[in-house]
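J.: no sequence for this one, just the structure:
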Ligand code: FES
Ligand SMILES: [Fe+2]
């Protein structure tokens, strides 16, 4: 049975407003569908372009079984390639990040330029045409400094997302940053559980004391339904931002993308344990530390917080039905000085602790729903509205992918 047939069966067994049937989280067919229909079809967040500041800087990421290589070429362009040699298919770059003048396959030493051209293939016959064996490119788009890759032949439109997000991110100038800290975590949970956990703060009260120093949770969809104390903080922040022309209202692109600027708790300026700035050097040309944070989500694999003093990017990639990589990067102003403007240990404390707490929640969730006793359960339409939204997006994206794969197979 192909993944298209199985996924249609699974989709028809799904109950709207409920968590998914078990096989969506645990089964191999659903995992194949998630790769083919979602991760090899949609725009996937890879990194901030500032993680590759110089020509020759590279970064690799695994999307399912596919390793992707991002490299800044001699003309300063960020390019994306399948990290698979055109000789016999070895991985070329084995490290997660690095700098190199050329891309040399470790197996038989074929050498590629930073633009993917095959430059050297030792001992191949005289009539061998290297021009046919350049690295296979993947689509790359940079949205306000954020690098997205797409493995599909024809990528979906990203322009609506770019137009929507630009007014929110522009003041933070994500492209004028540098890496302050990185964490990579493997979670023993399906990738959708990691995202579902991120799309609600129903669990925050009992789980995230460090995050709740700063974070004010507002109802998804209608922030004005918050309680009075929160609304007072919100109104004051919005009045201040409104006067200065700073974007804050909730903006969406279908169910796939959402961003909003929200204030922190009273007196708090950043996501640190004491609520004070994590970097004295504010981002871009900002002079006001009270910017709250832009919270951005773009299905399927990324969410971000853009603060006055730093940015936190979260990237989720599936490795197996029960294995997911979560990579977090903390970015500060490109001119911020470590030890003077910021201390990376202090900067990352809140989200390091929160990530570990979230990993435990997602792993317990995966373990519990793998049981014979699991039955899909109801999401709260209010506090879990973000999860409902994500699951509906997911089901529709898979349905579309299954239909087009089926009609292609019938041709
Ligand atoms: S597989 Fe890369 S050089 Fe042989
Ligand atoms: Fe959480």
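T.: Arrived safely, thanks for sending. Computed from a predicted structure; not experimentally measured. Residues are numbered from 1 along each chain as shown. Ligands and ions are numbered 1, 2, ... in the order given.

J.: Residue 10 against residue 30, yeah?
T.: Yes: if you go by C-beta atoms under 8 Å, residue 10 and residue 30 touch, sitting 6.3 Å apart. In this view, the C-beta of every residue, glycine as well, is placed from N, C-alpha and C.

J.: who has more neighbours, those two?
T.: residue 30 (25 against 22; other C-beta atoms under 10 Å).

J.: Test my guess that the more buried one contacts residue 23.
T.: Yes: using C-beta under 8 Å, residue 30 is in contact with residue 23, at 5.5 Å.

J.: Can you work out which residues contact both of the two?
T.: By C-beta atoms under 8 Å, 6 or more residues apart in numbering, residue 30 and residue 23 have these common neighbours: residue 10.

J.: quick one on the thing from earlier: give me the common contacts of residue 10 and residue 30.
T.: 23, 24.

J.: In the protein, where is pLDDT below threshold?
T.: In the predicted model of the chain, residues 1 satisfy pLDDT under 70.

J.: Which residues of it lie near ligand 1?
T.: Contact residues, the chain versus ligand 1 (C-beta under 6 Å from any ligand atom): 85, 87, 88, 89, 90, 105, 107, 108, 110.

J.: distance of the residue nearest the centre of the chain from residue 161?
T.: Central residue of the chain (C-alpha atoms, centre = their mean): residue 302, 2.2 Å from the mean position. For residue 302, the distance to residue 161 equals 11 Å [C-beta to C-beta, to the nearest Å].

J.: same thing with residue 389?
T.: The value you get for residue 389 to residue 161, if C-beta to C-beta is used, is 16 Å.

J.: what secondary structure does the closest residue to residue 253 other than its chain neighbours sit in?
T.: Closest residue to residue 253 apart from its sequence neighbours, by C-beta to C-beta, 6 or more residues apart in numbering: residue 160 at 4.8 Å. In three-state terms, and counting by DSSP: H, G, I helix; E, B strand; the rest coil, residue 160 is helix.

J.: burial of residue 160, as a residue count?
T.: Using other C-beta under 10 Å, residue 160 is surrounded by 13 other residues.

J.: And it, how close does it get to residue 321?
T.: With C-beta to C-beta as the criterion, residue 160 and residue 321 are 32 Å apart.

J.: Kindly report the same for residue 244.
T.: For residue 244, the distance to residue 321 - C-beta to C-beta - is 47 Å.

J.: Pick out whichever of the two has more residues nearby.
T.: residue 321 (22 against 9).

J.: Could you double-check that that one sits in contact with residue 29?
T.: No: applying C-beta under 8 Å as the test, residue 321 and residue 29 come out as separate, 9.6 Å apart.

J.: No more questions from me, cheers.
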